[in-house]
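1. got a sequence here, can you model it:
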Amino acid sequence: MEVSVMTSTPNAEQPQGLTTAEAQQRLKDEGLNELPTASKRGWVRILLEIVREPMFLLLLACGTLYLILGDREEALMLLGFVGVVIGITYYQEKRTENALDALRDLSSPRALVRRDGEWIRIAGRDVARGDIMMLSEGDRVPADAMVLQCTNLHVDESLLTGESVSVRKTEWDDKSEMERPGGEDLPTVYSGTLVVSGQGVAEVRGTGLRTELGKIGKALQTVDTEKPPLQHEVANLVRDMGLVGVGLCIVVTIVFSLTRGNNLIAWQRGFLSGLAMAMGVLPEEFPVVLTIFMAMGAWRMSQNQVLTRRVPAIETLGSATVLCVDKTGTLTMNKMTVRKLAAGGEYIHIPATGLPGVLPERFHELVEYSILACEADPFDPMERAILDMGQGALKGTEHLHEDWQLEREYPLSRHMLALSHAWQMHSGGGRVAAKGAPEAILDLCHMPQAQQQLIMKQVLDMANDGLRVLGVARASCDNDDLPDNQHDFDFKFIGLIGLADPIRATVPAAVAQCRRAGVRVVMITGDYPGTALSIAREIGLQHPDRIVTGSELEAMSEEEVSNKIRDVSV
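-> Next up, the predicted model:
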């Protein structure tokens with residue numbers, strides 16, 4: 001087990017974790033922290049799987065019969081086609097196997113754990129139950145764990161929940177058990193998820209198949225695979241035509257021999273005549289054409305970055321009548337962007353492609369302080385979106401402050417869903433920038449109830465458009481006497497920022513094309529129904545208001561579910 005020792009050691013008061021001996025024993029008893037994968041297919045196995053296809057068996061049978069009949073030219077031509085098709089299919093499947101192997105190696109995470117009282121970095125597969133691991137911004141969580149300590153820890157759990165917005169984590173209270181992913185302020189992190197901001201220390205509770213990700217993989221292994229419809233049809237065709245061919249061969253052999261002397265020579269000639277009749281019945285061109293077209297389909301899909309592990313899957317995909325697609329990362333770009341700004345009762349809509357022109361002056365302060373409330377080089381997708389938009393929109397203005405110095409950060413917590421940054425201005429004096437949930441920002445600003453209701457109506461309108469809404473506020477401060485609580489600043493409300501995970505540009509056209517082809521598209525998402533409805537309308541789903549939620553499905557019987565999903569769109 002290769003490790004690299006860290007040059008600096010985090011806080012010594014943190015839990016000591018396992019010893020190397022304890023970790024090795026647990027890995028021996030419970031297995032490595034990895035998901036089981038199907039055994040690698042070598043070239044012999046790939047070729048055998050290809051040749052076992054009914055179409056290839058039919059072609060080989062036809063070629064062999066031509067050789068028996070002495071028609072070498074026809075036999076070599078047919079077997080030559082078989083060789084070409086097998087070569088194309090083998091190349092495509094081997095190429096896919098190599099690409100999948102490379103992806104597995106690329107996605108293998110590393111982990112920073114405490115062993116023998118020292119922080120070391122190890123391969124994710126060597127993480128053991130009971131390990132104490134450090135999580136930082138940008139880390140891929142290597143195992144299911146309970147958070148012991150954290151500071152502003154936010155994790156992207158879209159891999160497990162389908163929700164692109166990160167969730168906030170809190171510290172374990174010594175009572176909670178491991179729960180299912182999703183929801184704010186849980187003390188649990190899960191294998192395969194991504195830390196987007198903050199840092200934390202967690203104790204590993206589950207590895208390998210004992211993780212939430214492992215349970216999904218284990219459930220998928222129990223799914224019975226069926227042969228593609230066309231493979232069934234071809235197998236039936238080969239069987240039926242084979243029986244017809246054998247029957248004709250027997251009949252012709254008997255009739256020929258009985259009418260030509262009933263001797264050995266007559267029986268031999270009768271058998272050859274029967275084989276010739278059988279060959280006339282077998283449709284040997286059909287499997288050649290069909291196999292070549294499927295191989296060409298796999299090749300064309302590979303040109304669009306789609307891997308086809310089994311060529312017959314092309315036919316299965318072509319026979320689909322319902323296409324269920326995940327929203328996050330499939331229909332959307334899985335990348336937050338600023339889509340709307342609200343300040344002083346005015347709005348500005350920003351296309352997914354970015355601000356088309358000059359940002360009006362009345363929105364400059366809103367963007368200026370939203371940037372000041374972000375990290376300098378954030379990993380959080382919402383902060384990244386604000387910086388990308390703001391730095392471009394304010395370029396060349398006096399609203400970008402690279403010479404200001406950050407004096408203090410007030411992190412977001414479960415009790416105050418807002419964070420603040422106190423800055424020292426280059427010219428003297430201080431400014432505080434705050435952003436967070438609109439309700440929290442309004443609380444910091446101590447606004448009158450009537451004004452709060454007016455702003456919350458704007459928030460609701462933006463949320464109904466499928467936007468994630470943040471409030472922004474500012475305050476002046478004396479950096480020599482900064483308070484311990486954000487509430488002690490005299491904040492002034494500036495405005496609202498609406499963010500969204502934009503729809504991929506090609507999705508509406510693809511959905512329309514599916515509808516023309518008779519394929520019903522169903523969107524699967526963990527969003528709220530209102531947000532899901534907005535996205536369904538944007539991508540052009542048929543009957544976007546036909547929505548069923550998870551809680552509704554849980555309350556239904558199997559028969560009710562079967563009837564409900566016949567016309568549901570989301």
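
2. so what's the nearest residue to L47 once chain neighbours are set aside scoring on pLDDT?
-> Leaving out its chain neighbours, the residue that sits closest to L47 by C-beta to C-beta, 6 or more residues apart in numbering is Y90, at 6.2 Å. No exception for glycine: its C-beta is placed from N, CA and C like everyone else's. Here the pLDDT value assigned to Y90 is 74.

3. helix, strand or coil for Y90?
-> What DSSP: H, G, I helix; E, B strand; the rest coil gives for Y90 is helix.

4. what about it, distance to V84?
-> From Y90 across to V84, the span is 11 Å (C-beta to C-beta, to the nearest Å).

5. out of those two, which sits in the more crowded spot?
-> Y90 (17 against 14; other C-beta atoms under 10 Å).

6. and A23, how many neighbours?
-> Around A23 there are 22 residues (other C-beta under 10 Å).

7. please apply the same query to Y347.
-> Using other C-beta under 10 Å, Y347 has 15 other residues around it.

8. and what of W267?
-> By the criterion of other C-beta under 10 Å, W267 has 17 neighbours.

9. which residues sit in contact with it?
-> Residues near W267 by C-beta atoms under 8 Å, 6 or more residues apart in numbering: 253, 257.

10. how about it, secondary structure?
-> helix.

11. one more: V522?
-> Under three-state DSSP, V522 falls in the strand class.

12. and it, how close does it get to D388?
-> In terms of C-beta to C-beta, V522 sits 32 Å off from D388.

13. now swap in V167 and tell me
-> When distance is defined by C-beta to C-beta, V167 is 22 Å away from D388.

14. swap in G261?
-> Distance, G261 to D388, using C-beta to C-beta: 92 Å.

15. show me which of these two is the more surrounded one.
-> Set side by side, G261 and D388 show more neighbours around D388, with 15 against 11, by other C-beta under 10 Å.

16. quick one: buried residues of stretch 340-354?
-> Buried residues in stretch 340-354, defined by neighbour count with 16 or more other C-beta atoms under 10 Å: 340-343, 350, 352.

17. looking at the residues you listed, spot the one nearest R239.
-> Sorting those by distance to R239 puts A352 at the head of the list, at 53.8 Å, by C-beta to C-beta.

18. I524 touches T330, doesn't it?
-> No - if you go by C-beta atoms under 8 Å, I524 and T330 don't touch, sitting 9.2 Å apart.

19. filter the buried residues of stretch 340-354 down to the ones in helices?
-> Using DSSP state H, no member of those falls in helices.

20. among these, which are located in strands?
-> 340-343 (DSSP state E).

21. now these as CSV including distance to E203 and pLDDT?
-> Shown next, in CSV, are those (distance: C-beta to C-beta, whole Å; pLDDT from 0 to 100):
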residue, distance to E203, pLDDT
K340, 41, 93
L341, 42, 95
A342, 43, 94
A343, 45, 93
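
22. the buried residues of stretch 340-354: which two are farthest apart?
-> Taking C-beta to C-beta, no two of these sit farther apart than A343 and A352, at 20.9 Å.

23. report pLDDT for L112.
-> pLDDT at L112 comes out at 90.

24. report the contact partners of it.
-> Neighbouring residues of L112 by C-beta under 8 Å, 6+ apart: 6, 119-121, 133-134, 136, 139.

25. can you flag the buried ones in those?
-> Counted by 16+ other C-beta under 10 Å, the contacts of L112 give 119-120, 133-134, 139 as buried.

26. now stretch 200-216: buried residues?
-> Neighbour-count burial for stretch 200-216 [16+ other C-beta under 10 Å]: 200-214.

27. do the same with stretch 537-546
-> By neighbour count on 16+ other C-beta under 10 Å, the buried set for stretch 537-546 is 538-541, 544.

28. which residues touch it?
-> Residues from elsewhere that reach stretch 537-546 (C-beta under 8 Å, 6+ apart): 331, 466, 503, 507-508, 511-512, 515, 520-521, 523, 533, 536, 567-570.
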